[in-house]
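J.: Kindly generate the corresponding structure for this input.
(one chain, ligands or ions: 1)
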Amino acid sequence: MSVSTTHEVGFAARREPSAAPVDGERKKRYAIKAIWRTLQGEGAWSGRAAVFVRLAGCNMWTGEARDRARDAARNGAACPLWCDTDFRKAGAVRLTASDLVAEIQRVAAEANPEVPIRFVVLTGGEPFLQADAVLVQALHAEGFEIAVETNGTVALAEAFTDAEGALALPDWVVCSPKLPEDRLVLEWMDELKLVVPDYRPEAYARFAERTRPHEVAGRTRRHLWLQPEDGPRQEKATRLAIALALRQPDWRVSVQTHKLLGID
Ligand code: SF4
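T.: As a prediction, the model looks like this:
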């Protein structure tokens, strides 16, 4: 049974333009693949109600099956060989920041208009190709807390610097790298998630130091996760993740609870 709600964002695109757009005369439109209300399934905020926004496009793969091997070889990333996310621009709806925030607010209030969800997760594809300071400012203005999920190939400063040169940053950054650490430019993150077996702690020791420590049970520690790859290799990947976590206890095994719960 699925308790999450996926909305056709095309509905939002057919609405009348907002009377007072938060982005003024700015014409940028974000290519949005889906907006849905669900529970965060992974990591430190696992189980928390959230509105997920999938931004179209990725810099590792076109999203087309015929390009998997080509893009994996071209980018030096294994993930195009197994990625199962539909982030293709085909079928995406293009929304201004104000219309996108309005749609997020509508979805956030559906379950309980008295206590709407105030946690947004920007995901992709690679959301840093589109997400920017204007969107962050617009979501913060409506009281949303913002988490992002990135592959670490675009710097926060590059993605989230506004026209005046000021940073408007998301509140929580999760990085799941798909390239070797010397090719990653992300300045910091709150959670580092490695998809095993292709991505291992020993290959990301220096990058892991960019993870911001957080206080847990009176001590500061980093959120470092080993996530078994989904699909045909899952059983083997799970055994490996457990073995790695037992040998390297700073790392924890990440369970995709949304899949256990049967939600999107
Ligand atoms: S970076 Fe992420 S979204 Fe893009 S192809 Fe790799 S796994 Fe898929």
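J.: Quick check: which ranges of this structure have low pLDDT?
T.: 1-26 (pLDDT under 70).
J.: Can you tell me what sits against the longest helix seen in it?
T.: Across the chain, the longest stretch assigned as helix under DSSP state H is helix 234-247. Residues from elsewhere that reach helix 234-247 (CB atoms under 8 Å, 6 or more residues apart in numbering): 196-197, 200-201, 226-229, 251-254. (Each C-beta comes from the backbone N, C-alpha and C, glycine too.)
J.: Please pick the buried ones from the residues you listed.
T.: Buried by 16 or more other CB atoms under 10 Å: 196-197, 201, 226-229, 251-254, out of these.
J.: So which of the contacts of helix 234-247 is the closest to Pro80?
T.: Relative to Pro80, the closest of the contacts of helix 234-247 is Glu229; by CB to CB it sits at 13.3 Å.
J.: these two touch, right, that closest one and Val195?
T.: Yes: Glu229 is within contact range of Val195, at 5.2 Å (criterion: CB atoms under 8 Å).
J.: Within range of the ligand, give me the residues from the protein.
T.: Neighbours of the ligand within the chain, by CB under 6 Å from any ligand atom: 58, 60-61, 79-80, 83, 85, 87, 124-126, 151, 178.
J.: Can I have the buried ones of the residues you listed as a ChimeraX selection?
T.: Here is the ChimeraX selection string for the buried members of those, based on 16+ other CB under 10 Å:
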select :58,60,61,79,80,83,87,124,125,126,151,178
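J.: So which residue is dead centre in the protein?
T.: Glu149 (2.4 Å; CA atoms, centre = their mean).
J.: Grab the nearest non-local neighbour of the residue of the stretch 101-250 of the chain found nearest the ligand.
T.: Residue nearest to the ligand within the stretch 101-250 of the chain: Asn151 (4.2 Å; CB to the nearest ligand atom). Excluding its sequence neighbours, the residue lying closest to Asn151 (CB to CB, 6 or more residues apart in numbering) is Lys178, at 4.9 Å.
J.: How far away from the center of its chain is stretch 221-236?
T.: Here stretch 221-236 is found 16 Å from its chain centre; the criterion is CA atoms, centre = their mean, to the nearest Å.
J.: Then stretch 220-227?
T.: 16 Å.
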